[in-house]
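Student: Provided below for reference: sequence and predicted model.
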Amino acid sequence: MKTRFALVFALVLMLSLTACGKPPAIAGKSPIAAPDGAAATPVAPAPSQEEQGDAQMDLQAEKVQSAPIAVRSQAQAGEEPWEASLEGSDAAALEDLLCHLDYSEGICRCMPEYYAETETGAEYGISLTGSYARYCGGQATLTEEQVKCIAEILDRQGK
């Protein structure tokens with residue numbers, strides 16, 4: 001009975017150590033040590049947040065040639081409907097902003113002022129006065145900075 005308990009205890013201990021990501025050392029050697037006679041391969045450090053930000057900026061610069069986005073306004077009382085096709089950096093910036101929002105909030109009763117449709121057929125509702133965006137039955141609150149960014153993009157298109 002004692003040997004069975006010791007065996008089960010050893011098995012549980014070994015499994016818990018491997019689950020923690022710390023494999024046991026064998027024969028006094030470090031589990032990361034290089035084989036005898038072989039040079040250890042240096043491990044590159046993880047990129048800093050600053051380097052990651054630079055990489056994202058490079059990705060956004062490459063994305064400038066993104067597909068156009070059709071934007072139209074919802075007809076308001078006394079106003080003519082407005083349509084534009086965003087291209088280049090404006091299209092990339094708007095698509096990047098809209099596709100990374102968390103649309104998990106419930107939808108309010110007010111209607112979006114603008115609709116943006118991507119080349120893939122995704123349609124987003126945007127309200128600058130209500131500070132929200134909608135997509136696929138969900139809604140996301142926009143920050144003041146995001147509202148300002150979208151307003152600047154639309155202003156460059158003549159709206």
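Tutor: Nice, thanks for sending it over. Numbers count the residues shown, from 1 in each chain.

Student: Could you use CA atoms for every contact and neighbour count after this?
Tutor: Fine.

Student: didn't residue 113 look like it was pressed against residue 74?
Tutor: Yes: with contact defined as Cα atoms under 8 Å, residue 113 reaches residue 74; the gap is 5.1 Å.

Student: Show me what the helix or strand encompassing residue 147 is in contact with.
Tutor: Take DSSP states H and E as the rule and residue 147 turns out to sit in helix 144-156. The list of residues contacting helix 144-156 from outside it, by Cα atoms under 8 Å, 6 or more residues apart in numbering, reads 90, 94, 97, 128, 131.

Student: which residues touch the last one?
Tutor: Which is residue 131. Contacts for residue 131 were tallied using Cα under 8 Å, 6+ apart; they are 141-144, 147.

Student: Can you give me the separation between residue 3 and residue 148?
Tutor: Going from residue 3 to residue 148 by Cα to Cα, to the nearest Å gives 71 Å.

Student: Of the two, which one has the most company?
Tutor: Under the criterion of other Cα atoms under 10 Å, the comparison of residue 3 against residue 148 puts residue 148 first, with 14 against 8.
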